[in-house]
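Asks: next come a sequence and a model predicted from it.
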Amino acid sequence: MRSLLGGTAAFMAGNALLGVVLPLRMEAAGYPVALTGAIMAAYYFGLAIGGLHGKHVIFRIGHIRAFAVFAALTAATTLAYAAFEHPAAWLVLRVVNGFCIAGMTAAIESWLNTKSRNETRGRVLSFYMVTFFLATALGQTLVNLADVGTPDLLMLAASLIELSLIPVAMTRLGEPNLSDSGVLNVRQLFAASKVGVVGAGVAGLMVGSFYALGVVFAIKIGLSVSEAALFMSVVVLGSLVFQLPIGVLADRYDRRFVMSGALLAVGIAWGTLAGFVASGLPFTALLIVGMAFGGAMSSVYPLCVAQTFDRLERRYYVAASGRLLMVYSIGATVGPVLASVLMSIYGPSSFFLFEATVAVLYAAFVIVYASRRPSLPVDQREKYVPLPDVTPIVMGLDPRTDLDGDDGGRRV
């Protein structure tokens, strides 16, 4: 398992570094914010396509060769950003990046799923989550190693992605099983859990817009490149730190109200950030609020998954996760475009207003909806399981997808 986690750390660090370098290069080149948002949003469009179709590549040529193809193509496109400076080229490259990262993630997770047993799958997922978040946070800070305008950082990101091939290619695990155990369309899923499906889209709006434009926002409010990278990394670390307390609350109380609390926390955090920017309070205070924001924002998607699973038979979980990922990815594609347009018209302050408004409005909807629909008894709920909010496609490792478990009498 260590070799697979090492490969995950390498390519996620490289991908995180690329996600910071590209908007900084576009900002330095004078790209309009709306264009930057569209280019960065293309990554999530590719992620959605990869989540739906990437596994077919693995079926066709095997997981080791598929991972090698995805990694090589990702590294090549990473280097291509320096050679092709035209926005249209970057748009296409971001789509390819998203598709390949989804494929690489699916391959890694299916291997880990094969390695783990039902009783250890939750522990494996925990190790994967820690690796994922720490590698992402570290990768973002690597932007301080060279000037953003040179190709050095792109070469470093490509090297990290290429290095992931070494531990992964050396694994001795057999072919994983990526087949779904049930068929479920979006209409059926929406009928089962309106809060979960709409919430997945809202989570995508917030997460996609932040990771696409957060560093641009940080630069526009006066932070240096190193401070902007640290701010982004602290938000990621907040995502990791807050998973445990959110999970405890979600398993003890009505998840819809826990979700509403997390959404309101996002709105409050962004309102506080707006006050900090206006009053010029210390950078340390900005980091503390950023960590709280990251923890609240990252909990929305896993809460949506848990809320949806509570209302489905277990055999539909894997299929439902794929549909939720699709809705999430649509939101993550639309979010950066909307936020960038607002920033280009009204300035950087509209960035927190966009995030806060989306969060507060959906929190109000969830509260009203929950007040009219009774919650499930605690003994009929699935456990809350943390999931990454950048590429939330780890359902093979989710212990809730064990088909030998009890359905608890739930129906679609």
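Replies: Here it is on my side, so go on.
Asks: so where's the stretch 1-150 of the chain uncertain?
Replies: Judged by pLDDT under 70, the stretch 1-150 of the chain has its weakly predicted residues at 110-111, 113-123, 125.
Asks: residue boundaries of the strands in it?
Replies: Assigned strands in the stretch 1-150 of the chain: none (criterion: DSSP state E, counting those that start in this stretch).
Asks: can you give me the distance of residue 200 to residue 326?
Replies: In this view, residue 200 and residue 326 are 9 Å apart by CB to CB, to the nearest Å. Heads up, the C-betas are built off the backbone N, CA and C, glycines and all.
Asks: the two - which one has more neighbours?
Replies: Of the pair residue 200 and residue 326, residue 200 is the one with more neighbours under other CB atoms under 10 Å, namely 31 against 19.
Asks: can you name the residues that contact the closest residue in space to residue 170 that isn't next to it in sequence?
Replies: Closest residue to residue 170 in three dimensions, ignoring its sequence neighbours and counting by CB to CB, 6 or more residues apart in numbering: residue 3, at 5.8 Å. By CB atoms under 8 Å, 6 or more residues apart in numbering, residue 3 lies in contact with 167-168, 170-171.
Asks: any low-confidence regions in the stretch 301-412 of the chain?
Replies: Along the stretch 301-412 of the chain, the model assigns pLDDT under 70 to residues 314, 317-318, 373-412.
Asks: and if we set it to 80?
Replies: Flagging of the stretch 301-412 of the chain using pLDDT under 80 yields the residue ranges 305-307, 309-323, 348-349, 352, 372-412.
Asks: do a quick rundown of the helices in it.
Replies: Along the stretch 301-412 of the chain, counting by DSSP state H, counting those that start in this stretch, helices occupy 317-346, 349-372.
Asks: ok, which of those comes nearest residue 45?
Replies: Between residue 45 and the helices of the stretch 301-412 of the chain, the shortest gap by CB to CB is with helix 317-346, which sits at 4.7 Å.
Asks: so which elements touch that closest one?
Replies: helix 33-61, helix 186-192, helix 194-220, helix 283-309, helix 349-372 (3 or more CB pairs under 8 Å, 6 or more residues apart in numbering; DSSP states H and E).
Asks: buried deepest among those helices, which one?
Replies: helix 194-220 (a mean of 25; mean count of other CB atoms under 10 Å).
Asks: circling back to that earlier point, quick one: the residue nearest to residue 170 from residue 168, how far?
Replies: 7 Å.
Asks: now swap in residue 185 and tell me
Replies: When CB to CB is applied, the distance between residue 185 and residue 168 equals 34 Å.
Asks: also residue 60?
Replies: From residue 60 to residue 168 the distance is 18 Å (CB to CB).
Asks: so for the helix or strand hosting residue 161, what gets flagged as buried?
Replies: Following DSSP states H and E, the helix or strand that holds residue 161 is helix 152-163. By neighbour count with 16 or more other CB atoms under 10 Å, helix 152-163 contains the buried residues 153-154, 156-158, 160-163.
Asks: helix or strand right after it?
Replies: Elements were assigned by DSSP H and E; along the chain past helix 152-163, the next helix or strand is helix 165-169.
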